[in-house]
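> Please find the sequence and the predicted model below.
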Amino acid sequence: MIVNAMEFREFEDCRAFMNLLDDRDFVIKYKHILDTKFEELVKWFLCSYMGISTRQVPPVDSYKRKVNLLSLYLLVAMDGGYQTVTTENTWPAIAKDMGFNYEDGDYMRATYAAYLDVLEYCYNFNYVQQSMQDKKMVRDEGTSSSMQQEGLKNAGSVNDAETGNQGAVEMESVVLFAGVDDDDWSKGKRRKRFNFNYAKWAMDEANRSVMNQARKHNLV
């Protein structure tokens, strides 16, 4: 009921919904409902938030096959994200998991880039900003007036810690942006680099073997 009642009027609504997707059991139990709601989210994000009205939601390929955007989003997350999937060349495997053919790997990559890549970026950036803001609030609330006075006396070291040491801050942001979390269920599955040529060879060999067996049977 909560999911069905959700509406998307600002990006905070998107963030709240996408936070629900971290719960694997919840996703499995309510996948059908979440599929429809995720399509609503993507459509709102593209049309209202990004001003893009030329992309059909959900996307459909030239053979009239619908792409399940939530499944695509979750599968790519499970394999480490868009950049990792591209680097490791696992788009053909993603396509196969989606019910398409290995040859549709490039189509899956293009679909993700057109529909979900910017959404994921905005979500992760929003997460980083919110996390840093929460940390700042905790730090400010825990700082007494006497500590503030002491901080003024040691402005040099404080400035170095909060503004001068950009490397540490940037590294923290990168970690948060990437969603690095050992307990995150979506990072539990990682594939080895996908060898599309080998997979195609194996399929051809299997087909050839079946045909040979069929010929022998017909001869008998």
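Received it, and whenever you're ready, just let me know what you need. Small disclaimer: the values here were computed from a predicted structure and weren't measured.
> Please give me every residue in contact with Leu70.
Leu21, Lys31, Leu34, Asp35, Phe38, Glu39 (Cβ atoms under 8 Å, 6 or more residues apart in numbering). In short, each C-beta sits where N, CA and C put it, glycine included.
> what pLDDT does it get?
Looking at Leu70, its pLDDT stands at 95.
> same thing with the one 4 residues further on?
pLDDT, the model's per-residue confidence, is 94 for Leu74.
> count of neighbours near it?
20 (other Cβ atoms under 10 Å).
> now do the one 3 residues further on
Ala77 is flanked by 22 other residues according to other Cβ under 10 Å.
> mind listing the helices in this protein by residue range?
2-5, 11-20, 24-29, 31-44, 69-78, 82-87, 91-97, 105-115, 117-141, 145-153, 155-159, 166-178, 196-219 (DSSP state H).
> which stretches of this structure aren't confidently modelled?
126-207, 209-220 (pLDDT under 70).
> Kindly recompute the last result at 80.
1-2, 4, 126-220 (pLDDT under 80).
> Contacts only, for Asn4.
Per Cβ under 8 Å, 6+ apart, neighbours of Asn4: Ile33, Lys37.
> From Tyr30, how far off is it?
For Asn4, the distance to Tyr30 equals 10 Å [Cβ to Cβ, to the nearest Å].
> and what of Leu21?
Leu21 is 11 Å from Tyr30, where distance means Cβ to Cβ.
> just to revisit the earlier point, which one (most neighbours) among the contacts of Leu70?
Going by other Cβ under 10 Å, Phe38 tops the contacts of Leu70 with 26 neighbours.
> That residue: what's it in contact with?
Phe17, Leu69, Leu70, Tyr73.
> Would you check that the first one makes contact with Met6?
Translated: Phe17. Yes: with contact defined as Cβ atoms under 8 Å, Phe17 and Met6 form a contacting pair (5.9 Å).
> Between these two, which has more neighbouring residues?
Just comparing Phe17 and Met6: by other Cβ under 10 Å the higher neighbour count belongs to Phe17, 18 against 14.
> And that one, how far from Met78?
For Phe17, the distance to Met78 - Cβ to Cβ - is 19 Å.
> what does Phe11 give?
Look at Phe11 and Met78: by Cβ to Cβ, they are 24 Å apart.
> out of these two, which sits in the more crowded spot?
The neighbour comparison of Phe11 against Met78 (other Cβ under 10 Å) goes to Met78, with 20 against 16.
> and the contacts of Phe38, which two are the farthest apart?
Phe17 and Leu69 (12.9 Å; Cβ to Cβ).
> what's around Phe8, how many residues?
For Phe8, the neighbour count with other Cβ under 10 Å is 19.
> Can you tell me the closest non-neighbouring residue to it?
Distance criterion Cβ to Cβ, 6 or more residues apart in numbering; nearest residue to Phe8, sequence neighbours excluded, is Trp44 at 4.0 Å.
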